[in-house]
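Chemist: Sequence first, predicted coordinates after that:
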Amino acid sequence: MAIRIKDVDRAARSAWHRAADLGFLRPPSPENEEFWRPVFSSRGHRLKGAFDGERCVGTLRSFPMEITVPGGGAVEADAITGVTVLPTHRRQGLLTRMMTTELTEAVARDQALAILISVEWPIYGRFGFGPATFSAEFDVDCARGGLRAEVVDWIDRAAGTVEIVDAEEYAKAAPEVHARFRARQVGAVERPEWRWQMMTGQRPHPVHKREGAFYVLHRDSSGRPTGALTYRIEDKENWIGGVPQVRLKVDDLIVGAERARDDAVAAAALWQYVTSVDWIGTVSTGGRSPDDPFPLLLEDARAARRVGGEDMLWLRVLDVPAALEARTYQAEGEVIIRVEDPQGHCNGSYHLEGGLDGATCTRTTQEPDITLPVDSLGTLYLGGESARRLQAAGRLAEEWTGAAARIDTLFNEARLPWSPDGF
């Protein structure tokens, strides 16, 4: 019997959940299914499955999610997750069939972008996705990691407050902070209500548990929440020679003041807090933007040792004119881009004319300035990658010397795009 790719209705959801659990190397869990039931019934959620008879052997979930693009605009993207194929049905083209169907339907829904978090690097480039944001993780030696005196003075003069709160108060205040953070952070995605409920323990996830979390808010001098922090304590019994070496693990640290220039004060105050908690020998920062200025706040920047880093959000352009017109550019200019798309959604040449106030993008028959595969366009789109670097790696071809530099002048952002959230 041929394996079918089909939308999953309510009657088949248990079979889908079982396949997803097995695909992610988890024993099938009724509790996990129950947690996701109201989420999957919410706006825009779609489940796809590969069915061998009545048995689900492959899974894919998608839903609309806003992502912030250069210039501060929010674009609704097709967020794809929960992609699995059972070990018994690998190498039969099921992933390709599910992804091809999903992207074709996203184009029909007029979604200009698709996004996902890739478990393995080689998989999704062949579907037109390119890595668009990265993260970095630091371990901070608290014995050496105190803040510079002038930073402490700066925090004191701002007259804000840092307060440990309960989960309920955090759940009320933190979404306001995140909304302002997301409006300014290129690459950030929205946090739906169910995610806040999971983070604050209102609806504990049966697999990804957040036990023992602490919740902290920073407020400015007027009492408005401007920073939000959650963390956990690890290695509580780690004492060496009578000296505590407890580890503090940051799960989330975001800032969002009313004025962008006040974000730095809120961030500094929260970093001051986590690096000065008694008994803490090491602070693990969790995933941060690779250009996070935090280490530069320290007396000894080497006290923040980078211990990890990875690609985070992958992006696929589905509608070139709509995507390129949704963002702004760092300089006035124009360029003709030829896009090569194996799936056929974006093939062709496009004339982009943009600047700080917006852009126009139309199909053209003119000769291109650069030619690139659609996955490289996804990597460039949020402004965190260099066209000249892609050119050096053979991922972009310029048709005249200097064309890649022109792309960089237009596309590159002053700060790297960053997405702290998985989905």
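Modeler: Structure received. Numbering: from 1, shown residues only.
Chemist: what about the helices in the protein?
Modeler: Under the criterion DSSP state H, helices of the chain are mapped to 13-23, 30-40, 94-108, 121-124, 149-158, 167-184, 193-199, 263-274, 320-325, 374-381, 387-392, 403-411.
Chemist: hey, which of those helices is tucked in deepest?
Modeler: Comparing the helices of the chain by mean neighbour count (mean count of other CB atoms under 10 Å), helix 374-381 ranks first with a mean of 26. All C-beta spots, glycine's among them, are computed from the backbone N, C-alpha and C.
Chemist: neighbouring contacts of that helix?
Modeler: 69, 113, 125, 128-132, 314-317, 320, 323, 327, 337, 339-343, 345-346, 372, 385, 387, 390, 395-396, 407, 411 (CB atoms under 8 Å, 6 or more residues apart in numbering).
Chemist: Output stretch 96-112 as PDB, restricted to C-alpha atoms.
Modeler: Taking C-alpha atoms only, stretch 96-112 is exported to PDB below (Å, rounded to 0.1, in the frame of the first residue of the first chain):
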ATOM      1  CA  THR A  96      10.800  15.500   1.000                       C
ATOM      2  CA  ARG A  97       7.100  14.800   0.300                       C
ATOM      3  CA  MET A  98       5.900  16.400   3.600                       C
ATOM      4  CA  MET A  99       8.200  19.500   3.200                       C
ATOM      5  CA  THR A 100       7.400  19.900  -0.500                       C
ATOM      6  CA  THR A 101       3.600  19.800   0.300                       C
ATOM      7  CA  GLU A 102       4.000  22.200   3.200                       C
ATOM      8  CA  LEU A 103       6.000  24.800   1.300                       C
ATOM      9  CA  THR A 104       3.600  24.700  -1.700                       C
ATOM     10  CA  GLU A 105       0.700  25.300   0.600                       C
ATOM     11  CA  ALA A 106       2.500  28.100   2.400                       C
ATOM     12  CA  VAL A 107       3.000  29.800  -1.000                       C
ATOM     13  CA  ALA A 108      -0.700  29.400  -1.700                       C
ATOM     14  CA  ARG A 109      -1.400  31.100   1.700                       C
ATOM     15  CA  ASP A 110       0.700  34.100   0.500                       C
ATOM     16  CA  GLN A 111       3.300  33.600   3.300                       C
ATOM     17  CA  ALA A 112       6.500  35.200   2.100                       C
END
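Chemist: Contacts for it, please.
Modeler: Residues from elsewhere that reach stretch 96-112 (CB under 8 Å, 6+ apart): 5, 48, 50, 58, 60, 62, 64, 75-78, 80, 83, 114, 127-128, 316-319, 322-323, 326, 343, 345.
Chemist: contacting residues around the nearest residue to residue 229 once chain neighbours are set aside?
Modeler: Leaving aside its chain neighbours, residue 229 sits nearest to residue 216 (4.1 Å; criterion: CB to CB, 6 or more residues apart in numbering). By CB under 8 Å, 6+ apart, residue 216 lies in contact with 162-165, 228-231, 270, 273.
Chemist: go on, residue 180?
Modeler: With contact set as CB under 8 Å, 6+ apart, residue 180 has these partners: 256-258.
Chemist: go with 6 Å
Modeler: residue 256 (CB atoms under 6 Å, 6 or more residues apart in numbering).
Chemist: do residue 423 as well
Modeler: Shown in contact with residue 423 (CB under 6 Å, 6+ apart): 79, 81.
Chemist: any weak-confidence spans in this structure?
Modeler: Scanning the chain for pLDDT under 70 picks out the ranges 1.
Chemist: what domains does the record give for it?
Modeler: Using automatic domain parsing, the domain parsing of the chain gives 4-111, 136-308, 319-411.
Chemist: quick revisit: what distance do you get for the residue nearest to residue 229 to residue 199?
Modeler: Remark: distance between residue 216 and residue 199 (CB to CB, to the nearest Å) = 13 Å.
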